[in-house]
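[1] here's my sequence, what's the structure:
(one chain, ligands or ions: 1)
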Amino acid sequence: MIGKIYGTGSSLPKRIVSNDDLAKIVDTNDTWIRERTGVARRRIIKEETTVSMATEAAQKALEQSGIAAEEVDLILVSTISSEVILPCTACEVQKNIKAVNAAAFDINAACAGFLFGYNTAQAYIAAGMAKTVLVIGSESLSNLVNWKDRSTCILFGDGAGAAVLKAEKGKLLPSVSHSDGKKGEALTCLSRHRKGSPARTRDLQAYMQMDGQSVFKFAVKKVPKAVKEVLEEAGLKADDIDYFILHQANRRIVEAVAKRLKTDIEKFPMNLEEYGNTSSASIPILLDEMNRKGKFVKRQKIILAGFGAGLSWGAALLEW
Ligand code: UT7
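    Purely as a prediction, here's the structure:
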């Protein structure tokens, strides 16, 4: 059995924060941010939460699919930014959408999270352990960002995206998931709840810290490799793929991956100009945008690829 995407949805905070807005709080400017990252603005939560955005994205995906919430038997939420540790975001979504027959749990794989969630959903479906799975990426990264650190605060944004997968007859398509914990220090965020930390340092440690150049080099090297692994297993060439939906971290990373795969950049849609890097939400938000614009045609081949903290990365082939 294979999981087919029956519907997608997304949810974005109403508040828009431009590069010029950020230039008022840190020493930066619109030109630097656009040239180095491709980001022009991002959405930042006000009333919204990781749970509320995940719920809205899930509801929209279900609505589009025509599948009732009671049919869902598994909910996977990828997030690094839930407001509480317990209960997990997936259980909150289950409650909100009344998916009374679903098991629900969260996945922490940062910007590779949606991809890992998608692969987990396919594995459950292939094993006959689930028939209908909601995979969601939802992030309130603005809660984890140090708004005094110009090297990170300009990159990130908030939002959520979801896809509902339903089992159909068919062979599981190739996918790969990788991690390299030895390189974990390149992108860290310590817990706000660490025992024994004095309150002041505890607050400082709770922010995301990143060696941007290491992460950049890692992404540019590992993503094309993961895509090639998937292509090889499928017996396909990059030219056979209609779209590459990459995690939206930086325009220069997406361009470098396209170049290494010797593939037209037109096949690499981007929306990071509008939303910045929304970690595990970026792939499903882009999927939903493309889907709702009617860009996908039945049987088209799409490769999803995620990468980020852990370090973790992976890719998956899907047929629309
Ligand atoms: O989601 C997955 C996780 N994250 C990523 O994928 C991010 C990967 N990394 C990147 O996207 C890039 O490394 C960044 C966008 C974070 C940084 O771009 P860079 O080209 O690697 O810049 P840099 O860190 O080498 O900094 C270049 C200069 C420095 O000044 P000096 O030392 O050359 O005088 C920085 O201090 O730019 C300065 N700088 C800034 N200037 C204006 C750093 N941040 C800013 C800023 N505005 N916001």
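[2] get me the contact residues on the stretch 101-250 of the chain for the ligand.
    Applying C-beta under 6 Å from any ligand atom, we find that the stretch 101-250 of the chain lies next to the ligand at 111, 150-151, 154-155, 187, 212-213, 215-216, 219, 249-250. C-beta here means a position set from N, CA and C on the backbone, and glycine is covered the same way.
[3] next up, the contacts around whatever residue of the chain ends up closest to the ligand.
    The minimum distance from the chain to the ligand, using C-beta to the nearest ligand atom, falls at residue 212 (2.9 Å). Residue 212 is in contact with 151, 152, counting by C-beta atoms under 8 Å, 6 or more residues apart in numbering.
[4] need phi/psi at the spatially most central residue of the chain.
    The centroid of the chain falls nearest to residue 280 when counting by C-alpha atoms, centre = their mean (2.3 Å). With angles defined as degrees, to the nearest 10, residue 280 sits at phi -70, psi -10.
[5] what's downstream of the worst-scoring helix or strand of the chain on mean pLDDT, the next helix or strand?
    Ranked by mean pLDDT, DSSP states H and E, the weakest helix or strand in the chain is helix 199-205, scoring a mean of 50. Heading C-terminal from helix 199-205, the first helix or strand you meet, by DSSP states H and E, is strand 209-210.
[6] where does pLDDT dip in the protein?
    Counting by pLDDT under 70, the chain contains low-confidence residues at 192-205.
[7] try it again at 50.
    Residues of the chain that meet the criterion pLDDT under 50 lie in 200, 202.
[8] can you give me the strands in it?
    In the chain, the segments counted as strands under DSSP state E are 2-11, 16-18, 41-43, 74-78, 103-107, 132-140, 158-168, 175-179, 187-188, 209-210, 243-246, 301-308, 312-319.
[9] now do the longest one: which elements does it pack against?
    Translated: strand 158-168. Where contact means 3 or more C-beta pairs under 8 Å, 6 or more residues apart in numbering; DSSP states H and E, strand 158-168 is packed against strand 2-11, strand 41-43, helix 50-65, helix 113-126, strand 132-140, helix 282-292.
[10] swap in 7 Å and give it another go.
    Other helices and strands packing on strand 158-168, by 3 or more C-beta pairs under 7 Å, 6 or more residues apart in numbering; DSSP states H and E, are strand 2-11, helix 50-65, helix 113-126, strand 132-140, helix 282-292.
[11] out of these, deepest packed?
    For the helices and strands packed on strand 158-168, average neighbour numbers computed from mean count of other C-beta atoms under 10 Å are highest in strand 132-140, which has a mean of 32.
[12] measure how it sits relative to strand 158-168, angle-wise.
    Orientation check (axes from the mean of the first three to the mean of the last three C-alpha atoms, to 10 degrees): strand 132-140 against strand 158-168 gives 170 degrees.
[13] so what's residue 17 bridging to?
    Per DSSP bridges, the residues bridged to residue 17 are residue 42.
[14] next, count neighbours for it.
    The number of residues packed around residue 17, counting by other C-beta atoms under 10 Å, is 19.
[15] can you tell me how far it sits from residue 35?
    Distance, residue 17 to residue 35, using C-beta to C-beta, to the nearest Å: 19 Å.
[16] touching, residue 140 and residue 159? I think so.
    No. Using C-beta atoms under 7 Å, residue 140 is not in contact with residue 159; the gap is 9.0 Å.
[17] among the helices and strands packed on strand 158-168, which is nearest residue 73?
    strand 132-140 (5.7 Å; C-beta to C-beta).
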